[in-house]
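Colleague: quick one, what's the 3D model for this:
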Amino acid sequence: MQLTVSTDIALRTLIYLGRKDDSATIQEVADAFNISKAHLMKVVMTLVAENLLISERGRNGGVRLALNARKISVGSVVRLMENSLALVVCMKDDAASDVCPLLPDCRLKGVFIKAQDAFFASLDQTSLADLL
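Modeller: Coordinates of the predicted model:
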């Protein structure tokens, strides 16, 4: 499994803001990580919509954490930012039942589900505060 660039940006932005006592501008965060301001804006809009960040407009505006860092789990951020968590085609919600000739007797899907559950169990136990 490889996480998307958006997930990486979201996690790094949350860590960056968690280490600051005040807000930061989008430009400051983009410069700190040498990333596209436009891509960062899309990520920040998602984090604001999910009440993980607060965005303040104006001359002294910027973004800051909306919650205590202990209340933000890495797992919740990954789930939020990833478009699909399916490791293989047959795990997708919209997968046709005839995608694989091994179905319905295939046990591989169960192995992947178990592995993914363990992955998220670990991420869910890690808070943003653990990364600061």
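Colleague: rest of the way, CA atoms for contacts and neighbours
Modeller: Noted.
Colleague: from G110, how far out is D8?
Modeller: 27 Å (CA to CA, to the nearest Å).
Colleague: between these two, which is the more surrounded one?
Modeller: With neighbours defined as other CA atoms under 10 Å, D8 and G110 compare such that D8 has more, 14 against 11.
Colleague: and the longest helix seen in the chain, which residues are buried?
Modeller: Selection of the longest helix in the chain by residue count, based on DSSP state H, yields helix 108-124. Of the residues in helix 108-124, K109, Q116, F120, L123, D124 count as buried by neighbour count, 16 or more other CA atoms under 10 Å.
Colleague: out of those, which comes closest to I54?
Modeller: Nearest to I54 out of the buried residues of helix 108-124 is D124 (CA to CA; 22.4 Å).
Colleague: all helices for the protein, in order.
Modeller: Here the chain has its helices, by DSSP H, at 5-18, 26-33, 37-49, 74-81, 108-124.
Colleague: nearest to N60, of those?
Modeller: Short answer: helix 26-33, nearest of the helices of the chain by CA to CA, at 12.0 Å.
Colleague: got the CA positions of that closest one in PDB?
Modeller: The C-alpha coordinates for helix 26-33 follow below in PDB (Å, rounded to 0.1, in the frame of the first residue of the first chain):
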ATOM      1  CA  ILE A  26      -0.500  28.500   3.600                       C
ATOM      2  CA  GLN A  27       2.600  30.000   2.000                       C
ATOM      3  CA  GLU A  28       4.600  29.300   5.100                       C
ATOM      4  CA  VAL A  29       3.600  25.600   5.200                       C
ATOM      5  CA  ALA A  30       4.100  25.200   1.400                       C
ATOM      6  CA  ASP A  31       7.600  26.800   1.700                       C
ATOM      7  CA  ALA A  32       8.500  24.600   4.700                       C
ATOM      8  CA  PHE A  33       7.800  21.400   2.700                       C
END
